[in-house]
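Got a sequence here, can you model it:
(one chain, ligands or ions: 1)
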Amino acid sequence: MSKLAEVKELTEKGKQKLIAEAVKGALAEGNEATLILDTMIAAMAIVGDKFKRSEIFVPEMLMAAHTMKKGVEVLQPLLASQASVSLGTCIIGTVAGDLHDIGKNLVTLMIESAGFKVIDLGVDVSTDKFIEAINSTPECKIVALSCLLTTTMPALLDTVKGLIDAGLKEKVKIIVGGAPITKAYADEIGAHGYAEDAASAADLAKSIIA
Ligand code: B12
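Predicted structure coming up:
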């Protein structure tokens, strides 16, 4: 089996202890870091599908998530380039009630690489916490909101509405993303921008402040 196939299988099976070596092996076989990352993301999609069909349950999904995080740690130095410019600060977080952070962490990594300082508020972030963070960060240019569950889409809506009501839409650009989010939904709730993956999020961040 190729090391890349092994990375996929280990991520799917949640084999945390073996993933770092497999990722290093896949790099040694000449695979690009981005291809290895895409392979792990594809494995997570399979994990999600298996969960949906009740073939696996939350603990297995969590083990796969831990495994992916350990794999990403190996790739991190290769994915992040040193930006020579400083484009301002981006505040990021996953919305209230939502604990998913792998996508948010990848978006953080790519936006940092694009030249932003990123303040990561973590997961399950309330609207008030976003507002407080923006108000205490005068150099904040972008707020990035992650949402992975259809059940937390109302929390995303509330957060954007809260930022608008607090008069912050004129001060910072609001960008949103996550698996159930679409450009149409982002427009509908009044966000400035939407991107479907971490690399596009970095491009969006740069273009939206231009
Ligand atoms: C791992 C995982 C978990 C882990 C999360 C661990 C962690 N630290 O993140 C755990 C086990 C905790 C978990 C829990 C739950 N989960 Co879950 N989980 C997943 C899984 C398998 C993978 C998610 C992931 O990391 N994907 C890989 C990353 C890289 O992709 P991503 O997050 O989509 O991010 C990319 C883009 O969306 C985008 N992006 C993300 N954020 C942002 C932000 C901005 C600003 C931008 C521009 C872009 C952007 O860029 C990212 C990188 O390219 C998904 C399946 C799936 N297909 O997504 C289910 C899934 C999201 N979970 C699901 C469910 C149902 C749950 C639970 C409710 C299960 C339960 N019964 O308890 C709980 C909810 C807990 C909570 N309150 O949040 C469902 C959601 C269904 C729905 N319709 O909403 C899914 C889709 C599985 C399924 N098919 O049923 N989960």
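
Next, see if the helix or strand where Ala22 lies gets close to the ligand.
Secondary structure from DSSP states H and E places Ala22 in helix 16-28. No. Legend: contact between helix 16-28 and the ligand by C-beta under 6 Å from any ligand atom is lacking; minimum distance shown is 12.8 Å. The C-beta positions use only the backbone N, C-alpha and C, and glycine is treated the same way.

in that helix, what counts as buried?
Gln16, Ile19, Ala22, Val23, Ala26, Leu27 (16 or more other C-beta atoms under 10 Å).

Can you name the residues of the chain sitting close to the ligand?
Checking the chain against the ligand by C-beta under 6 Å from any ligand atom, the hits are 41, 44-45, 47-49, 51-52, 58, 61-62, 65, 97-104, 106-107, 144-146, 148-151, 175-180, 195, 197-198, 201.

Among the residues you listed, which are located in helices?
41, 44-45, 47-49, 51-52, 58, 61-62, 65, 102-104, 106-107, 198, 201 (DSSP state H).

Tell me the confidence at the spatially closest residue to Val47 that is not a sequence neighbour?
Taking C-beta to C-beta, 6 or more residues apart in numbering, and ignoring the residues beside it in sequence, Val47 has Ala64 as its nearest neighbour in space, at 4.4 Å. For Ala64, the model assigns a pLDDT of 97.

Let me see the contact set for Ala64.
Thr11, Glu12, Lys13, Gly14, Ala43, Met44, Val47 (C-beta atoms under 8 Å, 6 or more residues apart in numbering).

Could you list the low-pLDDT ranges of this structure?
Counting by pLDDT under 70, the chain shows low-confidence ranges at 82-84.

the strands in this protein, which residues?
Assigned by DSSP state E, the strands in the chain fall at 88-94, 116-120, 140-146, 173-177, 193-194.

ok now the first one, how far from the chain's centre?
Spelled out, that is strand 88-94. Distance of strand 88-94 from the chain centroid (C-alpha atoms, centre = their mean, to the nearest Å) equals 11 Å.
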